[in-house]
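**Student:** predicted model and sequence below, questions to follow.
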Amino acid sequence: MSHHASQGVHAATVATSTVTAPTRYPAVVDAVTVRLVAGTVLLVASVAVLSRQWWLFAILAADFVPRTLYGPKLSFIAQAILVWVRPRVAAPPQPTSGAPKRFAAGIGAVLTSAAALLALLHVIRPSSQIEVVLYAIGLVMVVFPALEALLGFCVGCTIYGLLIRAGVVTADVCVDCAPSHHASTPAAATETKVHS
């Protein structure tokens with residue numbers, strides 16, 4: 001095979017890899033859409049707690065896990081919001097950094113996955129202790145989304161900001177978390193595309 005032909009094969013391979021690779025979490029998301037998604041999570045979690053239908057946390061986990069790993073494009077809740085709800089909300093897009101929102105979604109993924117496993121265990125071997133833990137997780141999964149949906153306050157994002165201040169996370173991954181860094185970051189001034 002000639003040098004040019006091998007280069008062509010390599011380029012095609014790279015292009016194919018790029019097309020088939022999973023979408024990563026976007027650097028910028030729309031805060032309005034995030035709040036609408038949080039409202040949906042609040043609704044489902046509230047029903048789960050009030051009716052003791054713990055299996056509903058499995059549905060939330062099935063949304064949180066792929067959303068945390070690859071972003072809203074693989075979230076069936078986010079996609080439903082984008083198709084049926086967001087177009088009817090007059091509020092303009094509000095760009096915000098995706099990194100802290102991903103961290104917050106990660107908290108939801110861990111909690112709902114744990115609740116789903118506990119719910120299955122509770123079906124196999126009912127236990128009052130397991131139900132107490134499920135109520136505790138359910139309370140968090142009601143309060144956190146409620147703060148986001150109703151007040152625009154993201155608990156996970158606040159924790160993420162504290163991690164940046166502690167030096168656990170570098171500030172350059174979040175243009176909104178460190179005010180002084182935000183002003184000096186070219187991406188903060190030039191980023192115009194908002195991913196939902």
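**Tutor:** That came through, no problem. Residues are numbered from 1 along each chain as shown.
**Student:** which helix is the longest one in the protein?
**Tutor:** Criterion DSSP state H: the longest helix present in the chain is helix 98-124.
**Student:** residues of it that come out buried?
**Tutor:** 98-109, 111-113, 115-116, 118-119, 122 (16 or more other Cβ atoms under 10 Å). The C-beta positions use only the backbone N, C-alpha and C, and glycine is treated the same way.
**Student:** tell me what it is packed against?
**Tutor:** Helix 98-124 is packed against strand 28-30, helix 56-70, helix 128-146, helix 155-165, with contacts defined by 3 or more Cβ pairs under 8 Å, 6 or more residues apart in numbering; DSSP states H and E.
**Student:** between the ones you listed, which gets nearest to residue 42?
**Tutor:** Minimum separation from residue 42 across the helices and strands packed on helix 98-124 (Cβ to Cβ) falls at helix 128-146, 4.0 Å.
**Student:** what does that closest one contact?
**Tutor:** Contacts made with helix 128-146 from outside it, assessed by Cβ atoms under 8 Å, 6 or more residues apart in numbering, are listed as 38-39, 41-42, 45-46, 48-49, 52, 54, 57, 60, 104, 107-108, 111-112, 114-115, 118-119, 121-122, 155-156.
**Student:** and with 6 Å instead?
**Tutor:** 38, 41, 42, 45, 46, 49, 54, 111, 115, 118, 122, 155 (Cβ atoms under 6 Å, 6 or more residues apart in numbering).
**Student:** could you dump these to JSON lines with distance to residue 141?
**Tutor:** Output for the contacts of helix 128-146, formatted as JSON lines (distance: Cβ to Cβ, whole Å):
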{"residue": "38", "distance to residue 141": "11"}
{"residue": "41", "distance to residue 141": "7"}
{"residue": "42", "distance to residue 141": "8"}
{"residue": "45", "distance to residue 141": "4"}
{"residue": "46", "distance to residue 141": "9"}
{"residue": "49", "distance to residue 141": "8"}
{"residue": "54", "distance to residue 141": "11"}
{"residue": "111", "distance to residue 141": "6"}
{"residue": "115", "distance to residue 141": "7"}
{"residue": "118", "distance to residue 141": "13"}
{"residue": "122", "distance to residue 141": "16"}
{"residue": "155", "distance to residue 141": "11"}
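**Student:** let me have the residues you listed in a markdown table, adding pLDDT and distance to residue 70 as columns.
**Tutor:** Output for the contacts of helix 128-146, formatted as a markdown table (pLDDT from 0 to 100; distance: Cβ to Cβ, whole Å):
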| residue | pLDDT | distance to residue 70 |
| --- | --- | --- |
| 38 | 98 | 19 |
| 41 | 98 | 18 |
| 42 | 98 | 23 |
| 45 | 98 | 22 |
| 46 | 98 | 27 |
| 49 | 98 | 28 |
| 54 | 98 | 26 |
| 111 | 98 | 19 |
| 115 | 98 | 22 |
| 118 | 98 | 25 |
| 122 | 97 | 30 |
| 155 | 98 | 23 |
